[in-house]
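Peer 1: Make a model of this:
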Amino acid sequence: MVIANLISYILVLTGAINWGLFGIFNFNLVSAIFQGPRAIGAIIVYSLIAAAALWLIISPILTNGALKLQGNRVIREEN
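Peer 2: Below is the predicted model:
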C-alpha cells in the first residue's frame, strides 16, 4: 500500500503541475508531450492521474485515517 500511495502522490503532483502550467501560461504539458489532448497517451495519463486522485481519497478510509508513505520499521534496542 505504501508503493501505491507514493505512485499516487507523484501522479497527482504531476497533474497539479500540469493544471498550474495551463492556468498560468495556457500550456498543457501532457498535450505537448503526446501531440494533442485526445491522443491515446494523453488519455492514459489523464486516466491514471484521476485514478491516483481517487486512490488518495479512498486509501485513508480503508486504513482508518492513516495515509502511509513509509513502511513499518521495528527498531529493536539490545542491551
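Peer 1: From here on, just use CA atoms for contacts and neighbour counts.
Peer 2: OK.
Peer 1: wait, V2 sits on P60?
Peer 2: No. Assessed by C-alpha atoms under 8 Å, V2 is found out of contact with P60, at 11.8 Å.
Peer 1: Could you pull out the buried residues of the one helix or strand G20 maps to?
Peer 2: Taking DSSP states H and E as the criterion, G20 maps to helix 2-25. Buried residues in helix 2-25, counted by 16 or more other C-alpha atoms under 10 Å: N5, L6, S8, Y9, L11, V12, T14, G15, N18, W19.
Peer 1: how about low-confidence regions in the protein?
Peer 2: 71-79 (pLDDT under 70).
Peer 1: So the nearest residue to I3 once chain neighbours are set aside: helix, strand or coil?
Peer 2: Once flanking residues are discounted, I3 sits nearest to L69: 7.7 Å by C-alpha to C-alpha, 6 or more residues apart in numbering. In terms of secondary structure, L69 is coil; the call rests on DSSP: H, G, I helix; E, B strand; the rest coil.
Peer 1: helices or strands next to the very next helix or strand once past the helix holding G20 in the packing?
Peer 2: Under the assignment DSSP H and E, the closest C-terminal helix or strand after helix 2-25 is helix 29-34. Contacting helix 29-34 under the criterion 3 or more C-alpha pairs under 8 Å, 6 or more residues apart in numbering; DSSP states H and E are the following elements: helix 2-25, helix 40-62.
Peer 1: In a markdown table: those, plus distance to S31.
Peer 2: As requested, these are exported to a markdown table (distance: least, C-alpha to C-alpha, whole Å):
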| stretch | distance to S31 |
| --- | --- |
| helix 2-25 | 10 |
| helix 40-62 | 6 |
